[in-house]
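*Asks:* sharing a model that was predicted from the sequence below.
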Amino acid sequence: MTDGKKNIAVLGSTGSIGTQTLDIMRMHKDKFSAEILTAGSNAELLVSQAKEFQPNAVVIADESKYNYVKDALKDDDIKVFAGSNALEEVVAFKSVDIVLTALVGFAGLRPTVAALQARKPIALANKETMVVAGQLIRELAVENNVPILPVDSEHSAIFQCLQGEWQNNIKNILLTASGGAFRGMKRKDLEKIRPVDALRNPNWNMGAKVTVDSATLMNKGLEVIEARWLFGVDAKQIKAVVHPQSIIHSMVEFEDGSIKAQLSRPDMRLPIMYALSYPDRLPTPSLAMNIFDIASLTFEKPDTETFPCLDLAYEAIRKGGNMPCIMNAANEVAVKMFLEEKITFLQIADMIARAMNEFTFVKDCDMDTYIRTDEEVKQKLTVY
């Protein structure tokens with residue numbers, strides 16, 4: 001750390017989680033410094049962020065935009081790299097204290113592995129990493145004695161509920177969900193849904209892909225698999241609960257019948273800040289919640305007949321091997337096609353189910369297996 005500040009590598013700084021992470025840095029300039037900033041293709045925003053935060057280095061994954069970024073930062077003392085391989089290199093910089101992985105989808109896996117191998121603590125906002133290769137990531141973290149601090153609001157809530165409880169057995173994890181944009185609707189109501197409709201999450205400010213996943217309940221399915229690996233519990237101990245107010249972010253039930261819950265405003269900056277500042281909590285009055293403003297807290301069982309993606313995720317984790325990888329890759333393809341209006345909302349689950357039935361299942365996997373599986377599904381599923 002420099003001058004008592006944690007030097008953060010923000011992978012995906014131009015996305016929803018990344019920009020909110022930089023908000024945290026603005027709030028607590030004495031605690032955090034942006035050491036590395038990376039973007040996929042949003043070169044303009046990356047340059048703007050770099051000029052404000054003056055990181056040691058930036059990475060633009062889209063190599064065609066390298067010259068633009070390089071020229072824009074020529075008067076700044078900032079190293080500029082390009083390409084996906086550069087992500088794996090910068091996370092290992094000696095000056096990096098913690099790596100926040102806010103990349104979307106499978107793209108987050110290899111940089112996370114590289115960071116763990118470099119013994120860098122991980123603030124994990126890329127749930128697909130644990131979905132695709134949870135066992136591998138867990139083993140690497142143990143082998144290198146590196147903490148993985150969850151950033152997803154639900155997993156952060158579980159992590160917070162478990163403070164002081166590590167010696168006690170978990171009976172159940174109650175993983176809350178807002179229900180997405182279409183909570184309460186039936187399949188006939190969803191036949192003419194368009195992307196603009198799916199992107200209206202009632203409570204959360206998220207990127208397009210995560211917002212669509214929330215609407216299909218796939219986001220909750222991905223989080224079930226992530227929780228299974230983060231907290232070492234069986235998938236049958238993880239219960240999804242629709243909680244429309246998004247005030248309780250998740251709960252943990254213990255063997256004596258006690259249930260602990262974590263409550264806060266539905267604002268991603270809170271779990272981001274806890275992951276970066278752990279084990280400390282930083283005073284941030286602007287994010288405080290007045291409990292007297294809460295009219296009621298309600299809970300519902302998820303409607304998996306209308307939204308089958310949650311059941312598909314449970315099926316994938318029960319089967320294990322590369323099945324969660326197949327499911328995740330198919331979901332990435334299907335969501336992209338839906339956002340491009342090439343398929344309907346209801347066809348998202350259909351495409352995932354077909355992929356899980358048709359692509360080759362491998363029980364014992366290594367990193368190469370996950371990479372091959374992801375590539376195969378994304379190449380072949382798109383032509384169906």
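*Replies:* Perfect, thanks for sending it.

*Asks:* dihedrals phi and psi, the nearest residue to I78 once chain neighbours are set aside?
*Replies:* Nearest non-adjacent residue to I78, counting by C-beta to C-beta, 6 or more residues apart in numbering: A50, 5.6 Å away. C-betas here are computed from N, CA, C, even on glycine. Backbone dihedrals for A50, given as degrees, to the nearest 10, come out at phi -60, psi -40.

*Asks:* same check, this time on the one 3 residues further on
*Replies:* F53 adopts backbone torsions of phi -100, psi -10, taken as degrees, to the nearest 10.

*Asks:* contact partners for it?
*Replies:* F53 makes contacts with 22, 25, 33-34, 37, as judged by C-beta atoms under 8 Å, 6 or more residues apart in numbering.

*Asks:* looking at these, spot the one nearest L282.
*Replies:* Proximity of the contacts of F53 to L282 (C-beta to C-beta) peaks at M25, which lies at 11.5 Å.

*Asks:* any residues touching stretch 340-356, and which ones?
*Replies:* Identification of contacts with stretch 340-356 by C-beta under 8 Å, 6+ apart yields 187, 190-191, 193-195, 198, 212, 215-216, 218, 307-309, 312, 315-316, 323, 326-327, 329-331, 333-335, 337-338, 377, 381, 384.

*Asks:* just the ones of the contacts of F53 in helices?
*Replies:* Residues of these located in helices (DSSP state H): 22, 25.

*Asks:* who wins for most neighbours among the contacts of F53?
*Replies:* Of all the contacts of F53, L37 has the most neighbours under the rule other C-beta atoms under 10 Å, reaching 31 neighbours.

*Asks:* excluding chain neighbours, what is closest to that one?
*Replies:* Nearest non-adjacent residue to L37 (C-beta to C-beta, 6+ apart): S13, at 4.2 Å.

*Asks:* sec struct for the one you found, please.
*Replies:* Under DSSP: H, G, I helix; E, B strand; the rest coil, the three-state class of S13 is coil.

*Asks:* how many neighbours does it have?
*Replies:* Using other C-beta under 10 Å, S13 has 28 other residues around it.

*Asks:* ok, Q237 next?
*Replies:* For Q237, the count of nearby residues is 14 (other C-beta under 10 Å).

*Asks:* swap in G321?
*Replies:* Other residues within reach of G321, judged by other C-beta under 10 Å, total 16.

*Asks:* what's near enough to touch it?
*Replies:* G321 makes contact with 361-365, according to C-beta under 8 Å, 6+ apart.

*Asks:* can you pick the most crowded of the residues you listed?
*Replies:* Result: C365 is most packed of those (other C-beta under 10 Å), 20 neighbours.

*Asks:* excluding chain neighbours, what is closest to Y314?
*Replies:* Nearest non-adjacent residue to Y314, counting by C-beta to C-beta, 6+ apart: A235, 6.1 Å away.

*Asks:* looking at it, that neighbour is touching I225, isn't it?
*Replies:* Yes: with contact defined as C-beta atoms under 8 Å, A235 counts as touching I225 (7.4 Å).

*Asks:* ok, D350 to L282 distance?
*Replies:* 45 Å (C-beta to C-beta, to the nearest Å).

*Asks:* now do the residue nearest to L37 against E305, distance only.
*Replies:* 40 Å.

*Asks:* and if you look at A227?
*Replies:* For A227, the distance to E305 - C-beta to C-beta - is 23 Å.

*Asks:* so which of the two has more stuff around it?
*Replies:* Per other C-beta under 10 Å, whichever of A227 and E305 has more neighbours is A227, with 26 against 9.
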